[in-house]
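Enquirer: no sequence on this one, just coordinates:
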């Protein structure tokens, strides 16, 4: 099947999924669950690509790794939403759109949340789409990408587990987590996420055509470090945790490194 047709079908299937999620959000008056779909939707795109182009060595590897990452992260974020309720970021976002623009919840959630994430998700998922279009033997680049992806999944998973355990202890209320992976980077979960998508890109790039998927890992790195990831978390933590400034001064912002004395 021609690649443009594959991409159009992927876009259409993803659009239908996001419209369905938008309707659920209208019923719940909460859009926080969309975070869980961010990863699951990537796996859906990988699988729809696989079903259209057929199984290739790189396609099977990309789809398998993306699915493992998506199930783990999506399951964790769904559990967190069910446990903690609406995300403050989205509550603030919807209230701001209503008060400053006069938008209804339906319009604000549809445009700012679901439409935007639909577009961003499709671009980030380029490696698991373009990397399946050409059949080629697995080589050193695919091995390196697999290792980087698995390291990213492990790093992200361990970071999320350490944070969840820290928050579950009432004695840690108001404190800053600075042990485990959080001793070496202020955002091990985001760093792990970036590693996953750069790893998937390396696998895709080995096919030749997959090298054109470079906007995907660049975009996710930008989102994590400059837009919806690090800036959002650090702005909130600086306001609510008196010790966070000292934590910033001694701890690497993204790439793990030994803390300053």
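Expert: Yep, it's here. On a predicted model such as this, the values are computed, not experimentally measured, just so you know.
Enquirer: so residue 86, which of the three states?
Expert: coil (DSSP: H, G, I helix; E, B strand; the rest coil).
Enquirer: same thing with the one 4 residues further on?
Expert: Recorded secondary structure, residue 90: helix (three-state DSSP).
Enquirer: From residue 120, how far off is it?
Expert: Per C-beta to C-beta, to the nearest Å, residue 90 is found 15 Å from residue 120. Where C-beta positions appear, they are placed from N, C-alpha and C, glycine not excepted.
Enquirer: What of residue 84?
Expert: For residue 84 relative to residue 120 (C-beta to C-beta), the value is 23 Å.
Enquirer: Pull the distance from stretch 33-49 to the chain's centre.
Expert: 10 Å (C-alpha atoms, centre = their mean, to the nearest Å).
Enquirer: what about the protein, any weak spots by pLDDT?
Expert: Within the chain, no stretch falls below the threshold (pLDDT under 70).
Enquirer: residue ranges of the helices in it, please?
Expert: Secondary structure of the chain by DSSP state H: the helices cover 3-28, 34-53, 57-84, 88-96, 105-108, 116-124, 127-130, 140-168, 188-205, 215-222, 230-240, 244-250.
Enquirer: Out of these, which one sits most buried?
Expert: helix 127-130 (a mean of 30; mean count of other C-beta atoms under 10 Å).
Enquirer: residues making contact with that one?
Expert: Outside helix 127-130, the residues that touch it by C-beta atoms under 8 Å, 6 or more residues apart in numbering are 3, 6-7, 10, 42, 45-46, 49, 62-63, 66, 197, 200-201, 203-204, 207, 209-210, 212-213, 216-217.
Enquirer: how about a cut-off of 6 Å?
Expert: 46, 49, 62, 66, 200, 201, 204, 209, 210, 212, 213, 216 (C-beta atoms under 6 Å, 6 or more residues apart in numbering).
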